[in-house]
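Chemist: structure for this input, please:
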Amino acid sequence: MSVVVPVFQPGAGFDELIASLDRQSLDPSQFEVILCDDGSGSATLERLERVAAVRPNVRVLPLPHTGWPGTPRNHGIDAASGTYVFFADQDDRLFESALEQLCDYADQNSSDVVVGKVVGVGRAIPKAIFRRDVSAAALGTDPLLELLTPHKLFRTAFLRRNDIRFPDGRVRLEDHLFVMKAYFAARTISILASVPCYAWIKNEGSASSSRIDPEAYFPHLESVLDLVEENTEPGPFRDELLRHWYRGKILKRIGGRRMLRYPADYRERFLDVVTPIVRARFSPAVEQGLTFPLRIRSALLREGRRDELLRLAGFEAELRCEAECMTARWTRLGKLDLSVRFRFLREGRDALVFEDAVGTTMDAARSGDAHAAVWRPPASLAAVLDREALDARRDLRHDRADLFVRDGSGAGRRVRGRLSRGGTAATFTIDPVRMFGRADRSPGGPVLVQVRHAGWNFETPLTAQAGVVADLGRAPLLAGRSVELRRAPDGAIQLRRHWPRGRAKDAVARAARFAWAVARRASRPLRKANVPRTLRDEGTGDVGAG
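Modeler: Prediction:
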């Protein structure tokens with residue numbers, strides 16, 4: 001195994017990276033670290049040499065300065081002696097078992113690429129890609145596009161045989177080009193989601209966090225689109241891939257508060273560059289696969305409706321969701337049932353109102369099942385969008401709601417809601433014994449709700465009237481240690497549990513639940529499926545057709 005690290009005048013985080021490599025469960029004799037110095041100067045070179053001097057498995061490659069990580073990584077590929085290459089950045093970390101687990105998983109599955117679980121530090125990481133291990137993942141089926149950073153394991157011979165390299169020089173999206181070349185060429189791509197492998201740390205001032213220069217950035221995006229088109233045939237698969245970059249690199253940059261924050265001259269430059277790209281590269285079939293809000297943005301962008309696009313951004317910036325707990329009650333089994341109502345508001349009025357095919361305002365319960373669910377937009381947009389473009393029926397069918405209890409550590413414990421038809425109400429069942437686990441020290445915290453409605457996403461505190469909380473009463477025995485809802489002066493509610501007191505209550509609750517489950521199973525009548533066939537036939541009284 002070879003770990004390739006491009007280095008340029010590293011800060012204190014570099015010491016943490018080296019420390020994480022020192023802690024690897026994989027024996028140092030089984031992996032090497034190649035520090036590819038991008039012309040940092042003598043002070044950095046001396047620092048790297050001191051690191052290598054006391055670690056036989058560390059090598060330093062002094063290189064001319066390029067100002068970008070692609071060329072140093074290529075030198076690392078050329079110099080690698082391991083069966084596999086893993087790319088790490090100078091301020092990130094590896095978890096202790098990462099290299100061993102990645103190598104074992106690649107060996108087990110004959111993988112050319114392994115995407116190990118990435119944990120974000122100060123940055124959000126897409127969740128779908130790491131929901132489960134996938135021994136053989138497929139583009140277009142598994143969410144491989146969600147994370148196209150190079151922090152992955154690659155088979156060294158595979159990279160060399162297919163001449164898969166990073167572009168040299170200052171090329172934006174160089175990681176997308178490299179990873180997509182690997183994805184298209186690989187026989188087996190695997191996802192190792194069950195083991196945390198890499199901590200990706202957000203650093204202020206990085207290229208990925210700064211505002212892009214449209215004229216410089218988007219030609220590189222077109223290079224990625226060219227690569228996709230070279231490796232796919234026209235049709236749904238290609239559309240699905242292209243949609244990823246259209247959504248993430250263009251449409252998400254022209255919505256809501258982000259769009260409003262752009263200076264007017266920058267906004268015009270941005271739209272001047274992307275509008276012809278949209279018209280040339282993203283077909284109506286690509287657009288149709290977008291969520292409802294992005295379809296509206298796309299239609300306005302394609303038609304050059306810049307004023308309306310800005311007004312839509314203003315609407316979205318002011319759009320908010322209120323989530324109010326209407327009832328709360330404990331069940332006999334120690335679970336907390338909450339019924340929650342949602343309102344989607346702008347300037348104090350309902351903002352997501354839908355009409356049926358003949359223009360009649362729809363009851364929310366019918367909106368997902370009707371032949372059409374046409375959004376009634378603000379008057380400033382109604383004149384420029386046709387009814388077909390405003391039909392959100394498909395998206396309303398994918399509405400969802402999740403409840404989270406967040407403690408001081410930032411950890412969230414999720415409960416999936418049972419959504420009503422129409423997406424304006426949901427019920428949640430919180431089981432404290434299962435939510436917090438045996439050794440969980442969390443005291444609980446604020447209750448938040450994440451709601452998806454007609455393709456718009458919201459996160460909002462859960463509120464309640466004082467009476468709802470006051471009438472709840474104490475948690476029953478089967479809830480375990482004491483748990484209570486508390487209401488802040490602004491109406492926001494928290495779920496709080498006692499810690500460290502209550503271990504005995506938890507133990508009693510678990511034992512009582514187990515006994516109840518055993519008794520319930522024993523009291524069930526003998527199921528038909530468990531009765532021998534001859535007895536079933538004799539006992540039914542059925543008579544043959546003759």
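Chemist: neighbours around Asp440, how many?
Modeler: For Asp440, the number of neighbouring residues by other CB atoms under 10 Å comes to 16. Every C-beta, even on glycine, is put in place using the N, C-alpha and C of the backbone.
Chemist: quick check: which element contains it?
Modeler: Assigned by DSSP states H and E, Asp440 belongs to neither a helix nor a strand.
Chemist: quick one: buried residues of stretch 319-338?
Modeler: 319, 321-325, 328, 330, 333-336, 338 (16 or more other CB atoms under 10 Å).
Chemist: pLDDT check: weakest of those?
Modeler: Lowest pLDDT within these is found at Leu333 (86).
Chemist: and the spatially most central residue of the chain, how close does it get to Asp163?
Modeler: What sits nearest the mean C-alpha location of the chain, by CA atoms, centre = their mean, is Pro126, with 2.3 Å. Going from Pro126 to Asp163 by CB to CB, to the nearest Å gives 29 Å.
Chemist: which stretches of the stretch 251-400 of the chain form helices?
Modeler: Using DSSP state H, counting those that start in this stretch, the helices of the stretch 251-400 of the chain run over residues 256-261, 264-281, 284-288, 292-302, 306-318, 379-382, 393-396.
Chemist: may I see the ones you listed arranged in CSV, with distance to Leu63, mean neighbour count and mean pLDDT as well?
Modeler: What follows is the helices of the stretch 251-400 of the chain, written out as CSV (distance: least, CB to CB, whole Å; neighbours: other CB atoms under 10 Å; pLDDT from 0 to 100):
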stretch, distance to Leu63, mean neighbour count, mean pLDDT
helix 256-261, 37, 15, 94
helix 264-281, 33, 15, 97
helix 284-288, 40, 16, 95
helix 292-302, 42, 22, 95
helix 306-318, 44, 18, 95
helix 379-382, 53, 13, 80
helix 393-396, 50, 20, 92
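Chemist: nearest to Ser111 among these would be which one?
Modeler: helix 284-288 (30.3 Å; CB to CB).
Chemist: just the CA trace of the closest one, in CSV.
Modeler: In CSV, the C-alpha atoms belonging to helix 284-288 read as follows (Å, rounded to 0.1, in the frame of the first residue of the first chain):
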residue,chain,number,x,y,z
PRO,A,284,-34.9,18.7,-21.8
ALA,A,285,-34.6,15.0,-20.7
VAL,A,286,-31.8,16.0,-18.3
GLU,A,287,-34.0,18.8,-17.0
GLN,A,288,-37.0,16.5,-16.5
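Chemist: follow-up on the earlier one: hang on, the residue nearest to the centre of the chain in a helix?
Modeler: No - judged by DSSP: H, G, I helix; E, B strand; the rest coil, Pro126 forms no part of a helix; its state is coil.
Chemist: you'd agree it is up against Leu148?
Modeler: No - if you go by CB atoms under 8 Å, Pro126 and Leu148 don't touch, sitting 10.3 Å apart.
Chemist: could I get the helices of the stretch 251-400 of the chain as CSV with distance to Ser111?
Modeler: Below are those laid out as CSV (distance: least, CB to CB, whole Å):
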stretch, distance to Ser111
helix 256-261, 37
helix 264-281, 32
helix 284-288, 30
helix 292-302, 33
helix 306-318, 41
helix 379-382, 48
helix 393-396, 36
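Chemist: out of those helices, nearest to Leu173?
Modeler: helix 264-281 (13.7 Å).
Chemist: and that closest one, what other elements does it pack with?
Modeler: If you count contacts as 3 or more CB pairs under 8 Å, 6 or more residues apart in numbering; DSSP states H and E, helix 264-281 packs onto helix 214-230, helix 292-302, helix 306-318.
Chemist: in the protein, which helix or strand is least confident?
Modeler: helix 533-540 (a mean of 36; mean pLDDT, DSSP states H and E).
Chemist: give me the sheet partners of the longest strand seen in the chain and which way each runs.
Modeler: Secondary structure of the chain read by DSSP state E shows that its longest strand is strand 189-201. If you go by DSSP bridges, strand 189-201 pairs up with strand 93-94 (antiparallel), strand 113-121 (parallel), strand 134-137 (antiparallel).
Chemist: output those strands as a markdown table; include the columns mean pLDDT, distance to Glu240 and mean neighbour count.
Modeler: A markdown table is the format used below for the strands paired with strand 189-201 (pLDDT from 0 to 100; distance: least, CB to CB, whole Å; neighbours: other CB atoms under 10 Å):
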| stretch | mean pLDDT | distance to Glu240 | mean neighbour count |
| --- | --- | --- | --- |
| strand 93-94 | 96 | 32 | 22 |
| strand 113-121 | 96 | 18 | 21 |
| strand 134-137 | 97 | 15 | 17 |
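Chemist: any chance of the helices and strands packed on helix 264-281 in a markdown table, with distance to Ala373 too?
Modeler: Formatted as a markdown table, these follow (distance: least, CB to CB, whole Å):
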| stretch | distance to Ala373 |
| --- | --- |
| helix 214-230 | 33 |
| helix 292-302 | 10 |
| helix 306-318 | 18 |
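Chemist: between the strands paired with strand 189-201, which one is closest to Ala379.
Modeler: strand 113-121 (40.9 Å).
Chemist: and Met435, what element?
Modeler: Per DSSP H and E: helix 432-436 holds Met435.
Chemist: next SSE downstream of that helix?
Modeler: Downstream of helix 432-436, the first helix or strand assigned by DSSP H and E is strand 444-453.
Chemist: now that next one against helix 292-302, angle please.
Modeler: 50 degrees (axes from the mean of the first three to the mean of the last three CA atoms, to 10 degrees).
Chemist: so in that sheet, which strands flank strand 444-453, and in what orientation?
Modeler: When DSSP bridges is applied, strand 444-453 pairs with strand 400-406 (antiparallel), strand 456-464 (antiparallel), strand 493-497 (antiparallel).
Chemist: how much does the second one deviate in direction from helix 306-318?
Modeler: What that stands for is strand 456-464. 30 degrees.
Chemist: what lies in contact with strand 456-464?
Modeler: Residues outside strand 456-464 that contact it (CB atoms under 8 Å, 6 or more residues apart in numbering): 292-293, 316, 319-325, 328, 338, 340, 344, 352, 403, 446-452, 485, 487, 490-493.
Chemist: can I get it in CSV? Just the C-alpha atoms.
Modeler: C-alpha atoms of strand 456-464 as CSV (Å, rounded to 0.1, in the frame of the first residue of the first chain):
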residue,chain,number,x,y,z
TRP,A,456,-37.9,22.0,-1.3
ASN,A,457,-35.9,21.0,1.9
PHE,A,458,-36.3,22.6,5.3
GLU,A,459,-34.8,22.2,8.8
THR,A,460,-36.8,23.8,11.6
PRO,A,461,-37.1,23.6,15.4
LEU,A,462,-40.2,21.6,16.6
THR,A,463,-42.5,23.9,18.6
ALA,A,464,-45.5,23.3,20.8
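Chemist: how about the helix or strand that it is followed by: buried residues?
Modeler: On the C-terminal side of strand 456-464, the nearest following helix or strand under DSSP H and E is helix 466-470. By neighbour count on 16+ other CB under 10 Å, the buried set for helix 466-470 is 468-469.
Chemist: equivalent analysis for stretch 485-492, please.
Modeler: 485, 487, 491-492.
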